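# Please find the sequence and the predicted model below.
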Amino acid sequence: MRIRFLRTEGFRLSALYAGIFSLSILALGAFVLVITDHALRDQIVQFSSNDIAAVRGAYAHEGVREAREVVEQLMAGPVSSDFYLLQQDGKPIAGNMPAMPMRTGTIDIPRSPATGDHAVLGVGAFLGPGLYIFTGSDTARLHQVQEHILHVMLGLFGAALLLAVAGGALVSRTFLNRTDAMARACRDIMDGDLSLRIPVRGTRDQLDRLAEAINEMLSRIGQLMNNLAQVSNDIAHDLRTPVTHLRHRLERARADCRTPEEHTAALETAIAKADEILGLFAALLRIAQIEGGERRAAFTNVDLGALLEQMREIFDPVAEEAGHSLRLSSAAATIIRGDRQLLTQLFANLIENAVVHTPPGTHITLSVHGVDGQAVAEVADDGPGVPVEEHERLFRRLYRREASRTQPGHGLGLSLALAIAELHNAHIRIAKEGPGMRVQVSFPPARESA
Amino acid sequence: MKILLIEDDKETSAHIVYALGKEGHEVDLCHDGAEGLERARGGAHGALIVDRMLPGLDGLSLVRALREEGDQTPVLFLTTMSGLDDRVEGLQAGADDYLVKPFAFPELLARVHAVTRRSQRSGDGEPVRLKTGDLEMDLIRRTVQRGGKIIELQAQEFRLLEFLMRNTGRVVTRAMLLEKVWDLHFDPRTNIVETHMSRLRGKVDRGFGAELIHTVRGAGYSLRAD
């Protein structure tokens, strides 16, 4: 696993940069080589031309003899070309080269025994009829310079490559160390300690931002787990109570019941108690399922006004029996998108709350009206109401007010209403202004095309 | 009646066999969906009780397959209480009614009777008048009279009485009334059924000689003239 860093993103990036950098150096080297080649060749041609000009001057003034002398002087001079040839009518008369074809202009003479195994670059020209001159230099010097440049470039290339690889490895190792630390922290968290967090260096780099995002996610998960644990606890606790009561009743029945009638009566209360427990289960499962959000597929257009009118008809006898009045104050046709059965349950829960938790003589009023493009359905009563500070707790699962512990119900009515409202993207709230209790459900407007 | 029960849970099936047997029904029991479909194809059963989740072939596919083959044997679908959508799917697949587990025996019996009666009646066309003893309902003119005397009913009372009359002589349970009369698919905390029934009794039975609406202890209600 020692070359593990070769697989890291840091190393890959470093390698890529090193590659691009090295290629740039190579390209630069090639460019420099071409440029210097040109420059050096130009220089040789220039030197040669200068020499020819000097010889030409001598010849013009004093003839062939003087030209020969100048050539010999130049050959002995310190700054001059390496090769000279003064040739008259095809025969060399001065210089250090054998006779050659009389070409004029810049001439490349390949390596040959005639030039002593040197490649020569030079200039050829006629001084007069039949009098030809060539001066040139060994191109070996040129190649030496080029080789030198090449060596420097290759050295640079190697150094850059080495630095890039070493730097990449270093960056990767740091990166690896940090990702390893993150992976370890994740594993520790998976082992059960949800309070652990991924280390953050505080440098605000990508890894820090990643670590922070993971930490935020962990906080959220922790919060949800706590909620879950809380709900599970509540459920276990709340179920224990009725099951314990059931058990007590059955024990008492076993001890006390003598006649078949007494047995039957005891069994009937036991069955009723069991039904109550099953009802609690059903409500909890229903909430979980609604919160799962699967039911949106069953949405249709629902007229809230008509729905509330129907609810009033259904609950009217119940309200009357409890000594309440139930009326519908305004029910303009208001179309929303929703699941009719679930909406029925939502309003049934709100109406039943009002019926069960208020004293006889209370007026319960249903209404639907539009507010800012939203459809607001309200179930209001003029009973004693609930203190504002308790409003939020009312929506909690299995929360039951002290005063209502003796009433039928399992403390899930408003939780279920909340879950149904949220499924409909509706907002459910308890109005702070009295009198009594006013629960409002605000639905977003139905889309035109739906 | 011979009933085919397709249910893989041993305890539930034992309870159902016991309850139906006590009522004098003969129960064929089958624990596997594919085998259940084969047996149902024989057409020898008055009704099928089919669980949603089955090994071999699930209940929905089983019912769908039967209906596609033209088999019209009444089917009662069993679902778990977490399956909110199961009942809709069950009815769409061709089941006649559904029952959420766990259920009480009277509920099961009432539902089985209701689905078998419903299928016997189908084909006669919709009746326009319902009659039970001296109680008569005109479904076209939406009027009710008993012994020639007109009874004024509110909309909800009319729906309730109509359902009772359509099931004359049968036991209808609280849950059946909530579902079929008011479309309420949950257990309300208040006495919706009882209070409506009390109002209806006040109009239909009070002041007349014999009671037509009977309370069936531990099960529900029954409308009958005896």
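Right, received. Where do you want to start? These figures come from a predicted structure and were not determined experimentally.
# Kindly report the residues of chain B close to chain A.
Contact residues (Cβ under 8 Å from any Cβ of the partner chain) of chain B with chain A: B:81-82, B:84-85, B:88, B:100, B:102, B:104, B:154-156, B:182-192, B:195-196, B:198-199, B:218. Any C-beta I mention is one placed from the backbone N, CA and C, and that applies to glycine too.
# at 6 Å what do you get?
Within chain B, the positions adjacent to chain A are B:81-82, B:84, B:156, B:182, B:185-190, B:192, B:195-196, B:199 by Cβ under 6 Å from any Cβ of the partner chain.
# and of those residues, the nearest to chain A?
residue B:195 (3.6 Å; Cβ to the nearest Cβ).
# Could you pull up the contacting residues of the closest one?
With contact set as Cβ atoms under 6 Å, 6 or more residues apart in numbering or on different chains, residue B:195 has these partners: A:317-318, A:321.
# Out of the residues you listed, which are close to chain B?
A:317-318, A:321.
# pLDDT score assigned to residue 4?
No chain in the question, so chain A it is. pLDDT, residue A:4: 65.
# Chain B, not that one
Residue B:4 is given a pLDDT of 94.
# List phi and psi for residue 47.
Using chain A here. When read as degrees, to the nearest 10, the backbone of residue A:47 gives phi -50, psi -50.
# My question was about chain B, not that one.
Residue B:47 adopts backbone torsions of phi -160, psi 160, taken as degrees, to the nearest 10.
# Show me what it is bridged to.
Under DSSP bridges, the beta-bridge partners of residue B:47 are residue B:3.
# Surely it is in contact with residue B:4?
No: Residue B:47 is beyond contact range of residue B:4, at 7.6 Å (criterion: Cβ atoms under 6 Å).
# If you count contacts, what does the host helix or strand of residue A:329 end up packed against?
Residue A:329 belongs to strand A:325-331 when assigned by DSSP states H and E. Contacts defined by 3 or more Cβ pairs under 6 Å, 6 or more residues apart in numbering or on different chains; DSSP states H and E place strand A:325-331 against helix A:304-321, strand A:363-371.
# Chain B: strands as residue ranges?
Using DSSP state E, the strands assigned to chain B run over residues B:2-6, B:26-30, B:47-51, B:75-79, B:97-100, B:129-132, B:135-138, B:143-146, B:149-151, B:171-173, B:213-216, B:220-223.
# picking that back up, pick the most deeply packed of the helices and strands packed on strand A:325-331.
By mean neighbour count, with neighbours taken as mean count of other Cβ atoms under 10 Å in any protein chain shown, helix A:304-321 ranks first of the helices and strands packed on strand A:325-331 at a mean of 20.
# now the residue of the stretch 51-200 of chain A found nearest chain B, nearest residue through space, not along the chain?
Using Cβ to the nearest Cβ, residue A:194 is the residue of the stretch 51-200 of chain A that sits closest to chain B, at 27.8 Å. Distances taken as Cβ to Cβ, 6 or more residues apart in numbering or on different chains place residue A:222 nearest to residue A:194, at 4.8 Å, with adjacent residues excluded.
# can I assume that neighbour sits in a helix?
Yes: assessed with DSSP: H, G, I helix; E, B strand; the rest coil, residue A:222 lies in a helix.
# how near is it to chain B?
Plainly put, residue A:222 is 27 Å away from chain B if you go by Cβ to the nearest Cβ, to the nearest Å.
# Flag every buried residue along the host helix or strand of residue A:267.
Residue A:267 belongs to helix A:260-292 when assigned by DSSP H and E. Buried residues in helix A:260-292, defined by neighbour count with 16 or more other Cβ atoms under 10 Å in any protein chain shown: A:266, A:270, A:273, A:276-277, A:279-280, A:282-284, A:286-287, A:289-290.
# Just confirm yes or no for it near chain B.
Yes: counting by Cβ under 6 Å from any Cβ, chain B has neighbours in helix A:260-292: A:279, A:282, A:285, A:289.
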